[in-house]
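# structure of the sequence below:
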Amino acid sequence: MLVKSLQSQINPVDISRGLLIRTARSSPGGFAQVASRGQWINAPHLKLINDKLLQITRGELNRLMVFLPPRHGKSELISKYTPAWYLGMHPDKRVILTSYEADFAAQWGRRARDLLEEHGTIFPIPVKLNPDSSSAARGDIVGNTGGMTTAGARGPITGKGGHLIIIDDPVKNAEESMSTTIQEKTWEWYLSTLYTRLEPNGAIILIMTRWSQN
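Model (predicted):
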């Protein structure tokens, strides 16, 4: 009787909201499901990636390479939902996201920023972006040291370092990937510019369609 009495006092809406919050906080994939209102589908290969992303968050893994053909959801999960979730759960950490062009990287940065602005209250400590830094290429969290910076491959990276660095398609297409010049410039940029921005014990994720063996 006591159990039934207590159950009758609980608002079903509160139960549903509690479940949504726990799901959103559980992983990047859980956040994607909630933020997309169920539109994001946790396919088997994305579930595997999601598990690896959790290993990175727990410090069990610090390097991850994801090679998939176009249109398989790798950027959607890793470059859109993961930065927003990561910063929401760790507002004092910083993310650097790079791609073959600064504008393309900034597009993912803008999407992650929009997610944080819309769903920032869902995290253990509600997060809010500083309006003075909420450009497509940069977003800092109010009251914390965390935030996100985007940049183009082979270009400069200004600002602070990154606890999580995401490299999303460092080459534009198959033709560019076959260029020895582009390969050498990209590798040199990685060593001399991007890698030097990695914070101690930080993680690097590379995602791309692997057009070339090199």
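
# secondary structure class for His119?
Per DSSP: H, G, I helix; E, B strand; the rest coil, the secondary structure class of His119 is helix.

# that one is in contact with Ser36, isn't it?
No. Judged on CB atoms under 8 Å, His119 makes no contact with Ser36 at a distance of 10.6 Å. Placement of C-beta: from N, CA and C, glycine included.

# these two - which one has more neighbours?
Counted by other CB atoms under 10 Å, His119 and Ser36 do not tie: His119 has more neighbours, with 18 against 14.

# so who does that one touch?
His119 makes contacts with Ala24, Phe31, Val34, Ala35, Ala84, Gly88, as judged by CB atoms under 8 Å, 6 or more residues apart in numbering.

# could you do Glu76 as well?
Ala32, Trp40.

# so where is this structure shaky, pLDDT-wise?
1-15, 133-136 (pLDDT under 70).

# where along it do the strands fall?
In the chain, the segments counted as strands under DSSP state E are 63-67, 94-99, 138-140, 147-152, 162-168, 198-208.

# tell me what the shortest one is packed against?
The one in question is strand 138-140. Strand 138-140 sits against helix 102-119, strand 147-152, with contacts defined as 3 or more CB pairs under 8 Å, 6 or more residues apart in numbering; DSSP states H and E.

# then the fourth one?
Here strand 147-152 touches helix 82-89, strand 94-99, helix 102-119, strand 138-140, going by 3+ CB pairs under 8 Å, 6+ apart.

# could you give the angle of the first one to strand 198-208?
Angle between the axes of helix 82-89 and strand 198-208 is 150 degrees (criterion: axes from the mean of the first three to the mean of the last three CA atoms, to 10 degrees).

# what angle do helix 82-89 and strand 94-99 make?
Interaxial angle, helix 82-89 versus strand 94-99 (the same axes, to 10 degrees): 170 degrees.

# circling back: need the helices and strands packed on strand 147-152 in CSV with distance to Leu206, can you?
Shown next, in CSV, are these (distance: least, CB to CB, whole Å):
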stretch, distance to Leu206
helix 82-89, 13
strand 94-99, 10
helix 102-119, 14
strand 138-140, 22
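
# relative to Arg210, which of the ones you listed is closest?
Arg210 lies closest, by CB to CB, to one member of the helices and strands packed on strand 147-152: strand 94-99, at 15.4 Å.

# in its sheet, what does the closest one sit against?
Here strand 94-99 is paired, per DSSP bridges, with strand 147-152 (parallel), strand 162-168 (parallel).

# burial-wise, tell me which of the ones you listed comes out on top.
Across these, averaging neighbours per residue (mean count of other CB atoms under 10 Å) puts strand 147-152 on top, at a mean of 25.
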